[in-house]
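Chemist: here is the input, now give the coordinates:
(one chain, ligands or ions: 2)
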Amino acid sequence: MAAFSLFSSAHVTPKPSLHFIKASTSDLSKTSAPPSQPSTQSQQPPLKTRHNIREEARLHNAATTATNHPRFTAKYVPFSAIADPSSSDESYSLDEIVYRSQSGSLLDVHHDMAALKHFDGAYWRNLFDSRVGKTTWPFGSGVWSKKEWVLPEIDDDDIVSAFEGNSNLFWAERYGKQFLEMNDLWVKHCGISHTGSFKDLGMTVLVSQVNRLRKMNKPVVGVGCASTGDTSAALSAYCASAGIPSIVFLPANKISMAQLVQPIANGAFVLSIDTDFDGCMQLIREVTAELPIYLANSLNSLRLEGQKTAAIEILQQFDWEVPDWVIVPGGNLGNIYAFYKGFSMCKELGLVDRIPRLVCAQAANANPLYLYYKSGWKEFKPVKANTTFASAIQIGDPVSIDRAVYALQKSNGIVEEATEEELMDAMAQADSTGMFTCPHTGVALTALIKLRRSGVIGSTDRTVVVSTAHGLKFTQSKIDYHSKDIKDMACRYANPPVQVKADFGSVMDVLKKYLLSKSH
Ligand SMILES: Cc1ncc(COP(=O)(O)O)c(C=O)c1O
Ligand SMILES: N[C@@H](CCOP(=O)(O)O)C(=O)O
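Modeler: Ligands and ions are numbered 1, 2, ... in the order given. The predicted structure is shown next:
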């Protein structure tokens, strides 16, 4: 009770106003500089006199803030109005604490596209390319290197970043040739990241905005999420780095040990709740409506602004050539929309002339989107999600269902599903060619296998599979598979260790047998 009274004065979430609140004059002075090329090495002070990269950014911004460039801005609009933002006058400043529109629909971050269009596609391509691989604050991050398209108005000093993004786009040469007769297959390793999943891309944006809100004395005491393990890991790491309290709701016994230990190690307040992810999501929504805890799930559209940069990055890594297909595993369904948004902004702003076809891949044990797609988008029914090795997508009532449908319809997309055996076999096959994938990537690879077999994806189609988490977070599933310790699963690609006596003869015998099996 005492704890409750602590919050009573800050208890009420400020009422969303109908109109976008213009930044105050003091805010204006904080707005980002117009896009400019980062200083070259020779313009920088010699290493000895450099303070730190935040200070350098401050000095640089002070020197380059000019008035003859358009000011880039962004605001929340109802998701239902994204196709035609002028059809609704409902909008909110990103400095408001609001997650839903008046009618209860999702929100979207809408950028002032007219201002961004003052620069042509070549300008943006060159600007983004010029920032890759540098330590210039905050552009060393793959997310913040696209700052003008993400959170254009945030002060560089408020940004909380681990220089996330810029993840490896891996040419899956052997996997493609050996299993799929493909020569242009790529895996975007979003899991090779600070906390081991793509969630870092969105969380740097959300926690940076929270940092700004707290400096503005907005009522945000902590940040909270429901999670299947990856969102909570990212939230707790970024909050810990900024000194902001984080609160995570986890479904008891439904996430991997490696994921569970991440928020614990980063000092989050961890609630293990006897329900599933959908139950935790419901609870965090109720709690964040009552307490000054900012909601960090992808229901909050800020997250998707960071996640969309993975799509821009893919185009950049292909030297702005557009792949034919991008396959993304889907759970709460924010990410598939984030990819669509990244690609479509690149098209609208002239960086590329088309967008790829998107495939969303679900586990058959948690497949509400797949069922909806198969019904011809007639009727959406949430499902009770069953246990799956792809535990991070064990979600039956995805919050971003409308976003996902929009993304798929606009990209001539497809939804596929993977059984437990299919996803584990696909993961094991990929690993056997040198990757170390997570089961969710196994779901995406299964979608690819099915679409190749049916001829929908051709052998020369340039295809990107999005790997969403690091395999090291899911070692128990690999141990079970390679021990052939999974009920009703053949584990056809298991590679268990060979027990051998500690004498030369026994070791030679097994080695000769092995070498013989490899010699033809
Ligand atoms: C590893 C992993 N892959 C895929 C997903 C699916 O992403 P989304 O919820 O945005 O559909 C999640 C989270 O849900 C995840 O943690
Ligand atoms: N896989 C997610 C589930 C929640 O998704 P979110 O993108 O809405 O936060 C997780 O790791 O928690």
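Chemist: near ligand 1, which residues of the stretch 201-350 of the chain show up?
Modeler: By Cβ under 6 Å from any ligand atom, the part of the stretch 201-350 of the chain that sits against ligand 1 consists of 228, 230, 298, 329-335. Glycine gets a C-beta too; all of them are placed from N, C-alpha and C.
Chemist: spatially nearest residue to the residue in the stretch 1-150 of the chain that ligand 1 sits nearest to (excluding sequence neighbours)?
Modeler: Ranked by Cβ to the nearest ligand atom, the top residue of the stretch 1-150 of the chain for proximity to ligand 1 is L106, at 13.1 Å. Taking Cβ to Cβ, 6 or more residues apart in numbering as the measure, L106 lies nearest to F79, with 4.0 Å between them; neighbours along the chain are not counted.
Chemist: for the stretch 251-400 of the chain, what spans make up the strands?
Modeler: Counting by DSSP state E, counting those that start in this stretch, one finds strands in the stretch 251-400 of the chain at the ranges 269-273, 293-295, 325-329, 357-363.
Chemist: and what of the stretch 401-520 of the chain?
Modeler: Secondary structure of the stretch 401-520 of the chain (DSSP E, counting those that start in this stretch): strands located at 414-418, 463-467.
Chemist: so which of the ones you listed is nearest T204?
Modeler: strand 463-467 (18.2 Å; Cβ to Cβ).
Chemist: which strands and helices sit next to the closest one?
Modeler: For strand 463-467, the helices and strands in contact under the criterion 3 or more Cβ pairs under 8 Å, 6 or more residues apart in numbering; DSSP states H and E are strand 185-189, strand 325-329, helix 439-453.
Chemist: can you tell me what sits against the second one?
Modeler: Read it as strand 325-329. With Cβ atoms under 8 Å, 6 or more residues apart in numbering as the contact definition, strand 325-329 has outside contacts at 311, 314, 335-336, 339, 343, 356-362, 390, 393, 440-441, 443-444, 447-448, 451, 457, 461-466, 468.
Chemist: try the first one
Modeler: Counting by Cβ under 8 Å, 6+ apart, strand 185-189 makes contact with 167-173, 175-176, 310, 313-314, 323, 430, 435, 437, 441, 448, 462-467, all of which sit outside it.
Chemist: which ones among the residues you listed map onto helices?
Modeler: Among the contacts of strand 185-189, the members falling in helices (DSSP state H) are 173, 175, 310, 313-314, 430, 441, 448.
Chemist: who wins on neighbours among those residues?
Modeler: Counting neighbours by other Cβ atoms under 10 Å, T441 comes out on top of these with 32 neighbours.
Chemist: once you drop chain neighbours, what's closest to that residue?
Modeler: Distances taken as Cβ to Cβ, 6+ apart put S467 closest to T441, at 4.2 Å, once the chain neighbours are dropped.
Chemist: I'd say the one you found and P439 touch.
Modeler: No: in terms of Cβ atoms under 8 Å, S467 does not count as a neighbour of P439; the distance is 10.9 Å.
Chemist: of the two, who's got more company?
Modeler: More crowded of S467 and P439, by other Cβ under 10 Å: S467, with 31 against 28.
Chemist: and the closest residue to F343 other than its chain neighbours, what does it touch?
Modeler: Once its chain neighbours are removed from consideration, F343 has its nearest residue in I355; the separation is 4.0 Å (Cβ to Cβ, 6+ apart). Taking Cβ under 8 Å, 6+ apart as the contact definition, I355 lies against 322, 340, 343-344, 346-347, 411.
Chemist: ok, now how distant is I355 from ligand 1?
Modeler: Here the distance between I355 and ligand 1 works out to 18 Å (Cβ to the nearest ligand atom, to the nearest Å).
Chemist: can you list the strands of the stretch 251-400 of the chain in TSV and add mean pLDDT and mean neighbour count?
Modeler: Converted to TSV, the strands of the stretch 251-400 of the chain look like this (pLDDT from 0 to 100; neighbours: other Cβ atoms under 10 Å):
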stretch	mean pLDDT	mean neighbour count
strand 269-273	98	16
strand 293-295	98	23
strand 325-329	99	29
strand 357-363	99	28
